[in-house]
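Chemist: sequence and predicted structure below; questions after.
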Amino acid sequence: MKFKLIVAFVDDRVTDKVVKAARAHGATGATIIPAARGEGLAAPQGIFGLSVSARRDIALFAVEERMSRLILEEICKAGEFDKKSGAGIAIQLGLEDVAGLSSQVDKLARDLGGARHGET
């Protein structure tokens, strides 16, 4: 079974919504890294010389590759990435190897009716 890593940089107010959408479409879990910072096209506006930027979370999802595009699209919808400037972005990367997901692999194999643990 092959996996992709989806990395979503999201406004912390919609992190739970994004995770819920990913899980509803096949993600078996998520890792959230809170309190990241970033900027897009325009630098954040400052007040009295202090930087003001919205808090971001980084959500990581190791997902089965046949489900990855749908999950990516649903994350983008839930976070309204294409509707609101600065709402967030999500990217997907190929994973060469994965360890520690035995229970997820077995569940995914049953759900997909495909390869069992250890098969490709």
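Modeler: Sure thing, it's come through.
Chemist: going forward, measure contacts between C-alpha atoms and count neighbours the same way
Modeler: Fine.
Chemist: where do the helices sit along this protein?
Modeler: Counting by DSSP state H, one finds helices in the chain at the ranges 15-24, 65-79, 102-112.
Chemist: look up the closest residue to residue 7, ignoring the ones flanking it.
Modeler: residue 60 (4.8 Å; CA to CA, 6 or more residues apart in numbering).
Chemist: give me the low-pLDDT residue ranges for the chain?
Modeler: 39-54, 114-120 (pLDDT under 70).
Chemist: ok, now with 80
Modeler: Scanning the chain for pLDDT under 80 picks out the ranges 37-54, 101-120.
Chemist: please enumerate the strands of it.
Modeler: Counting by DSSP state E, the chain has these strands, from start to end: 3-11, 31-36, 46-47, 50-51, 56-64, 88-94.
Chemist: run a quick neighbour tally on residue 98.
Modeler: Using other CA atoms under 10 Å, residue 98 has 12 neighbouring residues.
Chemist: can you pull the contacts of it?
Modeler: Residues in contact with residue 98, defined by CA atoms under 8 Å, 6 or more residues apart in numbering, are residue 3.
Chemist: how close does it get to residue 104?
Modeler: In this view, residue 98 and residue 104 are 11 Å apart by CA to CA, to the nearest Å.
Chemist: residue contacts, residue 34?
Modeler: For residue 34, the contacting residues are 12, 56, 57, 58, by CA under 8 Å, 6+ apart.
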